[in-house]
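Chemist: next one to model:
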Amino acid sequence: MRGFGRGTGAFGRRWVELYLLLLIAEKPSHGYELSTRLKDFGVMIPGIGQMGSLYRILSTLEMSGLVATDWDISEGGPARKVYKITKEGLSFLEDAMESVYALKTNIEKFIERYEALKKRE
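Modeler: Numbering: from 1, shown residues only. The predicted structure follows:
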């Protein structure tokens, strides 16, 4: 589990994808807004060009059919690409939740056993 929870490695990238799908399902958003909202989860995109990494992940989600995009030109500034979740994206997120719930159960067991170990000391 190298890089667990920080967005590094394949496992971390999968988490970032799931966080993004959840955030986009909650509210269609542009890339910068998504990067700000990721911070609510304590998620940091790795690398020097974090926004570039974020947009690569979003592009992968779009090419996979999990998100779709529209252009927002309403704010007077440059047009912004807004990401919205697709039916396939919602289905993917729902399927992924089975693994998330299983992981949660395993983490809870780990914590219980660790706490029992600490009490023996």
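Chemist: the one residue sitting closest to the centre of the chain: helix or strand, and which one exactly?
Modeler: By C-alpha atoms, centre = their mean, the chain has its centre lying nearest to Y19, at 2.2 Å. Under the criterion of DSSP states H and E, Y19 resides in helix 9-26.
Chemist: pLDDT (mean, whole number) over that helix?
Modeler: Averaged across helix 9-26, pLDDT comes to 82.
Chemist: I'd like to know which elements the longest helix seen in the chain is packed against.
Modeler: If you go by DSSP state H, the chain has its longest helix at helix 87-120. Helices and strands touching helix 87-120, by 3 or more C-beta pairs under 8 Å, 6 or more residues apart in numbering; DSSP states H and E, are helix 9-26. No exception for glycine: its C-beta is placed from N, CA and C like everyone else's.
Chemist: from the contact counts, what lies against the helix holding Y19?
Modeler: Partner elements for helix 9-26 (3+ C-beta pairs under 8 Å, 6+ apart): helix 31-38, helix 50-63, strand 67-72, strand 80-85, helix 87-120.
Chemist: list the buried residues of the longest helix of the chain.
Modeler: Buried residues in helix 87-120, counted by 16 or more other C-beta atoms under 10 Å: G89, F92, L93, A96.
Chemist: nearest spatial neighbour of the third one, skipping sequence neighbours?
Modeler: Take L93 and drop its neighbours on the chain: the residue closest to it by C-beta to C-beta, 6 or more residues apart in numbering is L21, 4.8 Å away.
Chemist: quick one: contacts for that neighbour?
Modeler: L21 makes contact with L61, L66, V67, I85, G89, F92, L93, A96, according to C-beta atoms under 8 Å, 6 or more residues apart in numbering.
Chemist: distance of I24 relative to L93?
Modeler: I24 sits 9 Å away from L93, going by C-beta to C-beta, to the nearest Å.
Chemist: my bad, should have said K119
Modeler: K119 is 38 Å from L93, where distance means C-beta to C-beta.
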